[in-house]
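**Q** Based on what follows, work out the 3D shape:
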Amino acid sequence: MFKIIVKIEILILIILFQTCYSQIKPDYARLIRGQDEVYYHVPVGLCEDYPEETTTMEIIRNDFELLKRTGVDLLRISFGWDAIEYEKDKYDWLFWDDFVKLAVDEYGITLIPYICYTPRWNSEGDSLNFWNHTPIDYDEFGEFVGDLVKRYKNRIFSWELWNEPDITVYWSGTAEDYSRLVKIGSKSVREADPDAIIVLGGLAHRTEFTLELFRDHNISPYVDVVNIHNYFETWHSFPVERIVDYIGEIYDIVQRYGNNQSIWMAEVGYSTFRKGGYVSSIYDANYEYEHTPAYQAVDLFKRLTLVLSTQKIAAVAWYEIKDLPQSEEVIGDEYNNRHLGVVFSDYTPKPAEKSLVFFNKLFSQKYKTVDQNVKIECPVGSESQVYCFENQDGSVIIVGWLKTKIFGKHAHDDSGDAKDNRKEVVKLTLPGSFQTNAAMYDHLGNETTRKSIKISGQNTVLENIELNGDRVTIIKLNK
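**A** Okay, the predicted model is just below:
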């Protein structure tokens, strides 16, 4: 009898999952990628944390004004269970009532919050180490989630359940423990707002954790979106280009064990911290430009291009808006966590802000990847990366660079001061005819030159395209 009841509950959840998308508010419907969409626009947002103890309305307004001037309207935030429900069944909503109203009503921001962490009164941990531990009573999480969603369901239509549960820094339990939390939280969201999007807590990097959730713990009926994070070349030794494989692994898990859930990368970043060649306990810089404000802007363009190239991501958000001041506490890496913003802590822009604006302007239409249709001729042993996108209006965007990190090929220099004098010249052949002059840009949107193109039969040929290691080359071809 128990098995029959469980199966009926799962069937009900699947029916709700399959029917709710038609009811999603348009600002949130754009965050779900349809299986049959050929052209798709990936919204690019930002992330920020707002600890109630140190955040002021001035800080919030300054952040929102930055979003306004950059044209970004998607923001990932966190609701702290531990701060809001400070005692069992006692809530402090004042800060968040003002925040949500200002964000949505005045600034038109689409909020995609995650819900965490465990309050002291319900934690298996001790009085000092409690927030990342499993709850004593999981049902209390469901009760809090239900109250939270009911309170803001007219302004927020997406709810992510926890953050980076695959690493012990943020979740002390197992995948099975986390699946229990998600199932309870998911039911509460569905009861409070059947049309809301339910997001699996953003994965730090352990894809086997996601596999276990889907394969062994039947998490699929309870979530609409799978969120993953990425900090390759900061907190991971992998080259940034491995993002493509990382996304592919998650996509394969969803295809095999899921129900066509969309995938977000709603936390991705690259720090501007380094001390000599040292970046983190996992990554050392080789070239002198790595992990500088100037190169962060280059990396942002590379990283977002790689995400788009997979055609598997529905939304992405860069972490974060601003660097953290020295007075603010951080969890984990004291150094890199303070230097991830697109602006400095006083809101002075870093080059990354301009790079983000140009990226969103360049990729403002719906597009598709056309790498398979483009012939690339490059030197033997090439280190080049070239990605091609076709817009709905027929124009083509080409982004190319040389890899910064290649395992076993670049000799490591402990000083981190190696000069990067690499240069490659490639030739591209694309099907179709375009205007005779192609615009070439740098990652900040500065037009660097006009490139004459050659029409050869039914193809367009771009010769002598120079790629360099410390920058990206961007070409726009118009019909």
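**Q** From now on I want contacts and neighbour counts done on CA atoms only, so please keep to that.
**A** Noted.
**Q** any weak-confidence spans in the stretch 201-350 of the chain?
**A** Along the stretch 201-350 of the chain, segments meeting pLDDT under 70 are nowhere present.
**Q** same thing but 90
**A** Confidence mapping of the stretch 201-350 of the chain against pLDDT under 90 gives the ranges 326-332.
**Q** which residues in it form strands?
**A** 225-228, 262-268, 315-319 (DSSP state E, counting those that start in this stretch).
**Q** Save the ones you listed as JSON lines, and put in mean neighbour count too.
**A** Formatted as JSON lines, the strands of the stretch 201-350 of the chain follow (neighbours: other CA atoms under 10 Å):
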{"stretch": "strand 225-228", "mean neighbour count": "26"}
{"stretch": "strand 262-268", "mean neighbour count": "24"}
{"stretch": "strand 315-319", "mean neighbour count": "26"}
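**Q** could I get those strands as a markdown table with distance to residue 132?
**A** As requested, these are exported to a markdown table (distance: least, CA to CA, whole Å):
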| stretch | distance to residue 132 |
| --- | --- |
| strand 225-228 | 19 |
| strand 262-268 | 19 |
| strand 315-319 | 21 |
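**Q** quick one: which of those is nearest residue 409?
**A** strand 262-268 (26.2 Å; CA to CA).
**Q** what ranges do the helices span in the stretch 51-200 of the chain?
**A** 57-70, 81-84, 94-101, 138-152, 175-192 (DSSP state H, counting those that start in this stretch).
**Q** Out of these, which is closest to residue 237?
**A** Comparing the helices of the stretch 51-200 of the chain by CA to CA, helix 175-192 comes nearest, at 24.5 Å.
**Q** neighbouring contacts of that closest one?
**A** Contacting residues not belonging to helix 175-192 are listed as 134, 138-139, 141-143, 145-147, 149-150, 153, 159, 161, 165-166, 196, 198, 200, 209, 212-213, 217, 219, 222-223 [CA atoms under 8 Å, 6 or more residues apart in numbering].
**Q** mean confidence for that helix?
**A** On average, the pLDDT along helix 175-192 is 98.
**Q** same deal with stretch 137-147?
**A** Averaged across stretch 137-147, pLDDT comes to 98.
**Q** Same check on stretch 427-441?
**A** 93.
**Q** contact partners of it?
**A** So stretch 427-441 is in contact with 373-378, 447-455, 458-465, 473-479, going by CA under 8 Å, 6+ apart.
**Q** Mind doing that once more with 7 Å?
**A** With contacts defined as CA atoms under 7 Å, 6 or more residues apart in numbering, stretch 427-441 is touched by 373-378, 447-453, 455, 458-465, 473-479.
**Q** Narrow those residues to those in strands?
**A** When DSSP state E defines the strands, the subset of these inside them is 375-377, 447-452, 455, 459-465, 473-477.
**Q** And these, which of them are buried?
**A** In the ones in strands among the contacts of stretch 427-441, burial by neighbour count holds for 451, 455, 460, 461, 462, 463, 465, 473, 474, 475, 476, 477, counting by 16 or more other CA atoms under 10 Å.
**Q** Hmm, the fourth one is touching residue 455, no?
**A** Yes - applying CA atoms under 7 Å, one finds residue 461 in contact with residue 455, separated by 6.2 Å.
**Q** coming back round to it: show me the two of the buried ones among the ones in strands among the contacts of stretch 427-441 that sit farthest apart.
**A** Among these, the pair separated by the greatest distance (CA to CA) is 455 and 473, at 21.4 Å.
**Q** Show me how the record splits this structure into domains.
**A** Recorded structural domains for the chain (assignment: automatic domain parsing) are 2-366, 369-477.
**Q** and residue 35, which of the strands of the stretch 201-350 of the chain is closest to it?
**A** strand 262-268 (8.9 Å).
**Q** From the chain's centroid, how far away is the closest one?
**A** Centroid separation for strand 262-268 versus its chain: 4 Å, with CA atoms, centre = their mean, to the nearest Å.
**Q** which strands and helices sit next to that strand?
**A** Applying 3 or more CA pairs under 7 Å, 6 or more residues apart in numbering; DSSP states H and E, one finds that strand 262-268 contacts strand 225-228, strand 315-319.
**Q** List every C-alpha atom in it, with coordinates, as CSV.
**A** The C-alpha atoms that make up strand 262-268 are tabulated as CSV, following Å, rounded to 0.1, in the frame of the first residue of the first chain:
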residue,chain,number,x,y,z
SER,A,262,16.3,22.9,-18.1
ILE,A,263,19.9,23.6,-16.9
TRP,A,264,21.1,26.8,-15.5
MET,A,265,24.7,28.0,-14.7
ALA,A,266,23.4,30.6,-12.2
GLU,A,267,26.8,31.1,-10.5
VAL,A,268,29.9,31.4,-12.6
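**Q** tell me the angle it makes with strand 315-319.
**A** Counting by axes from the mean of the first three to the mean of the last three CA atoms, to 10 degrees, strand 262-268 lies at 10 degrees to strand 315-319.
**Q** would CSV of the helices and strands packed on strand 262-268 with distance to residue 438 be doable?
**A** Formatted as CSV, the helices and strands packed on strand 262-268 follow (distance: least, CA to CA, whole Å):
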stretch, distance to residue 438
strand 225-228, 36
strand 315-319, 28
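**Q** Nearest to residue 349, out of these?
**A** Using CA to CA, the helices and strands packed on strand 262-268 put strand 315-319 closest to residue 349, at 14.9 Å.
**Q** State the next helix or strand along the chain beyond that closest one.
**A** Sequence-wise, the next helix or strand downstream of strand 315-319 (DSSP states H and E) is helix 351-362.
**Q** what mean pLDDT does that next one have?
**A** Mean predicted lDDT for helix 351-362 stands at 98.
**Q** Give the buried residues for that helix.
**A** 351, 352, 353, 354, 355, 356, 357, 358, 359, 360.
**Q** ok, now stretch 385-401?
**A** 385-391, 396-401.
**Q** do stretch 364-374 as well
**A** Neighbour count says stretch 364-374 has 365, 366, 367, 368, 369, 370, 371, 374 buried, by 16+ other CA under 10 Å.
**Q** Narrow those to those in strands?
**A** 367, 368, 369.
**Q** so what's the first one up against?
**A** What it means is residue 367. Taking CA under 7 Å, 6+ apart as the test, what residue 367 contacts is 39, 40, 41, 389, 390, 391, 392.
**Q** re earlier: in a markdown table: the ones in strands among the buried residues of stretch 364-374, plus pLDDT and distance to residue 50.
**A** Shown next, in a markdown table, are these (pLDDT from 0 to 100; distance: CA to CA, whole Å):
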| residue | pLDDT | distance to residue 50 |
| --- | --- | --- |
| 367 | 98 | 34 |
| 368 | 98 | 36 |
| 369 | 98 | 36 |
